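[1] predicted model follows, preceded by the sequence.
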Amino acid sequence: NSPYIINYSTKIPANLTVEVEPGVIFMGVDKASYINVKGNLILNGTAEDPIVFTSSLDKNYVELNLTRLEGEDPQPGDWSRIEIEENGNVQAVHTKFLYGGHTFTKGNGWVYGTKWISQVLRNTGGTANLDNVEFNYNQIDTENSKYNSVVWTEAPLGYDASTTINNSILDSGYTSINFYGQTNGQTVSGVVKNNQIKNFTNAEAFIDIRYSEMELLDNTLENNSSDYINMNSWILTDDANLTENGKYLFGSIEIPAGKTLTIEPGVDIKLSGYVKVNGNLQANGEVDNPINFIPENNYWNIMEFNNSDSNLSYVNITKGNGGGGALMINKRGMVTAKDSSIEFDNVSFMNAQRPYHMIYLENSDTIIKDSIISWTDDYTGSKTVDGIYLKSGNLHLDNTTFNNMKRGIQISSGGIITMENMTLGHFQN
């Protein structure tokens, strides 16, 4: 009896299940059409006979003219969404979602609390498992971009939310996927694995993740305005990896005591804030595939190690030490270490904001080997700028070059420095 009509709104109540057979077509009768899922929606398509959600103007799947839409051809946003509410469940295999995402509003009763939302699959406190699905011809709402995402997951107070997307195609839109965790004690989790993600127009990031437990693996990107994943402010809750050649945008990174962040070769990290390492950072690039810490805009803040045992090799750290923070400017550098043991091997420390130090070390054991500490331009200001400020602790330098600063190294409070493979030619200040 296909096609089945989605109206405003089609509901699946709690404790009820709708199971859909292969080849079934659903069409939105108008732009406001959506399905509200508080029970279970089971979509059992096959590769030969997929289930399709589409516009009522889509002549590839719909022959009857039962629409309230204007025009002859389907357009992005011809229907709205599938909305999973608390404890709702959607399981979809070999299913197509076409021409969805029309903007709708939600309010909280406050005059300025209205949200304009454009999403095709909206999970607010339920479970979604998607395998071999396709999202295409999705609406792009550039005027209300904050909540414009093809797949959206959040967890309201009292409910966790989980979304898994595997072996699927997400094609066109503003942001592909948003895991919108909040600091409300609930868990947002998900897996995004082995998908094709293409033609998204968000210039900052194609995926947005905040306060969520995520696994991202083996996704293929094509023709997106940005290949970065926006992680927002990230506090590790367990050991974590940033996988090879990934591109990430962070407000800040915090590694608590007892936790380890491993960064694989080729990872690019854009920062607007700080990196705070109270646990361990293992950032090991390769000579032809280094790790890069770079600013999102002009400068990021600092990389601060406290009671840490960390190793960085083949890493470029550029244009930090901007902004404020708890540390006074004369007691910090772009890289700051206190009571820590750190080895830097083939690390480039470049162009920290002046007139501050590049590296500040206090009561730490530090090795810097085959590295560069440099500003590209001469300093013309009146303040003393140090490549390294060493306050107590031990520093070993091996074949490390200093360029364009007032002093290469300042030592205070009984700091001890040893050197090998160092000559006057390593200090061009």
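    Now that the structure is in, tell me what you want to look at. Remember, it's a predicted structure, so these values are computed and weren't measured experimentally. Residues are numbered from 1 along each chain as shown.
[2] every contact and neighbour count from this point should use C-alpha atoms.
    Noted.
[3] output stretch 317-334 as CSV, restricted to C-alpha atoms.
    The C-alpha coordinates for stretch 317-334 follow below in CSV (Å, rounded to 0.1, in the frame of the first residue of the first chain):
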residue,chain,number,x,y,z
ILE,A,317,53.6,23.9,18.2
THR,A,318,52.7,27.3,16.7
LYS,A,319,51.3,30.7,17.8
GLY,A,320,50.3,30.0,21.4
ASN,A,321,50.5,32.0,24.6
GLY,A,322,47.7,34.3,23.7
GLY,A,323,44.7,35.3,25.9
GLY,A,324,44.5,35.4,29.7
GLY,A,325,44.4,32.6,32.3
ALA,A,326,45.3,31.9,35.9
LEU,A,327,49.1,32.1,35.3
MET,A,328,50.9,35.4,35.3
ILE,A,329,52.5,36.2,32.0
ASN,A,330,56.0,36.1,33.5
LYS,A,331,55.3,32.6,34.9
ARG,A,332,54.2,30.9,31.8
GLY,A,333,55.1,30.1,28.2
MET,A,334,53.4,28.8,25.1
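[4] so how far is that stretch off the chain centroid?
    24 Å (CA atoms, centre = their mean, to the nearest Å).
[5] surely residue 214 touches residue 187?
    No - using CA atoms under 8 Å, residue 214 is not in contact with residue 187; the gap is 10.7 Å.
[6] which one's more surrounded, the two?
    Legend: neighbour count by other CA atoms under 10 Å for residue 214 and residue 187, higher for residue 187 (22 against 18).
[7] which residues touch the more buried one?
    For residue 187, the contact set (CA atoms under 8 Å, 6 or more residues apart in numbering) comprises 155, 159, 160, 161, 181, 212, 213.
[8] could you redo the last one with a cut-off of 10 Å?
    Residue 187 makes contact with 125, 154-162, 181, 211-213, according to CA atoms under 10 Å, 6 or more residues apart in numbering.
[9] residue 27 now?
    2-7, 33-34, 52-58, 61-62, 66-67, 78-79, 98-99.
[10] state the distance from it to residue 17.
    20 Å (CA to CA, to the nearest Å).
[11] who touches stretch 252-259?
    Residues from elsewhere that reach stretch 252-259, judged by CA under 10 Å, 6+ apart: 231-240, 261, 270-281, 300-308.
[12] for ChimeraX, what selects the buried ones among the residues you listed?
    A single ChimeraX command selects the buried members of these (16 or more other CA atoms under 10 Å):
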select :231,232,233,234,236,261,270,271,272,273,274,275,276,277,278,279,280,281,300,301,302,303,304,305,306,307,308
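[13] in strands only, show me the contacts of stretch 252-259.
    Taking DSSP state E, the ones among the contacts of stretch 252-259 that sit in strands are 231-235, 240, 261, 270-271, 275-277, 280-281, 303-306.
[14] does residue 143 count as helix, strand or coil?
    Residue 143 falls in the helix class when you classify it by DSSP: H, G, I helix; E, B strand; the rest coil.
[15] pull the contacting residues for it.
    By CA under 10 Å, 6+ apart, the neighbours of residue 143 are residue 116.
[16] ok, it to residue 115 distance?
    12 Å.
[17] now swap in residue 84 and tell me
    18 Å.
[18] now swap in residue 48 and tell me
    In terms of CA to CA, residue 48 sits 39 Å off from residue 115.
[19] compare the two (neighbour count), which wins?
    Comparing residue 48 with residue 115 by other CA under 10 Å, the one with more neighbours is residue 115, at 15 against 9.
[20] pLDDT wise, what is residue 114 at?
    Note on residue 114: pLDDT of 83.
[21] how near is the closest residue to it other than its chain neighbours to residue 8?
    Nearest in space to residue 114, with sequence neighbours left out and distances taken as CA to CA, 6 or more residues apart in numbering, is residue 107 at 4.1 Å. The gap separating residue 107 from residue 8 is 18 Å, by CA to CA.
[22] so which of the two has more stuff around it?
    Ranked by neighbour count (other CA under 10 Å), residue 107 and residue 8 place residue 8 first, with 17 against 11.
[23] roughly how far does that one sit from residue 340?
    From residue 8 to residue 340 the distance is 60 Å (CA to CA).
[24] and for the nearest residue to residue 9 once chain neighbours are set aside, the neighbour number?
    Once flanking residues are discounted, residue 9 sits nearest to residue 34: 5.5 Å by CA to CA, 6+ apart. The tally of other residues near residue 34 (other CA under 10 Å) stands at 27.
[25] and what of residue 166?
    20.
[26] any idea of the pLDDT on the residue lying closest to residue 147 once chain neighbours are set aside?
    Excluding the flanking residues, the one nearest residue 147 by CA to CA, 6+ apart is residue 117, at 5.0 Å. Residue 117 carries a pLDDT score of 94 in this model.
[27] residues contacting residue 117?
    80, 101-106, 141, 144-149.
[28] then residue 421?
    Counting by CA under 10 Å, 6+ apart, residue 421 has contacts 369, 370, 397, 398, 399, 400.
[29] in strands, which of those residues appear?
    Filtering the contacts of residue 421 for strands - DSSP E - leaves 369, 397, 398.
[30] give me the buried entries from these.
    Here, 16+ other CA under 10 Å leaves 369, 397, 398 buried among those.
[31] a markdown table for these, including pLDDT?
    Formatted as a markdown table, these follow (pLDDT from 0 to 100):
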| residue | pLDDT |
| --- | --- |
| 369 | 98 |
| 397 | 98 |
| 398 | 98 |
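[32] any low-confidence regions in the stretch 201-350 of the chain?
    Along the stretch 201-350 of the chain, segments meeting pLDDT under 70 span 326.
[33] can we see that at 80?
    324-330 (pLDDT under 80).
[34] just the stretch 51-200 of the chain next, same as before
    Checking the stretch 51-200 of the chain against pLDDT under 80 turns up 64-68, 107-113.
[35] same thing but at 90, please
    For the stretch 51-200 of the chain, the stretches with pLDDT under 90 are 63-72, 106-115, 140-146, 183.
[36] where do the helices sit along it?
    Using DSSP state H, counting those that start in this stretch, the stretch 51-200 of the chain contains no helices.
[37] picking up where we left off before, ok, which pair from the contacts of residue 421 is furthest apart?
    The span of the contacts of residue 421, defined through CA to CA, is set by 370 and 397 at 8.6 Å.
[38] what do these two both touch?
    Common neighbours of residue 370 and residue 397 (CA under 10 Å, 6+ apart) are 344, 421.
[39] now that we have the contacts of residue 117, which one has the most neighbours?
    Using other CA under 10 Å as the neighbour criterion, residue 101 leads these with 33 neighbours.
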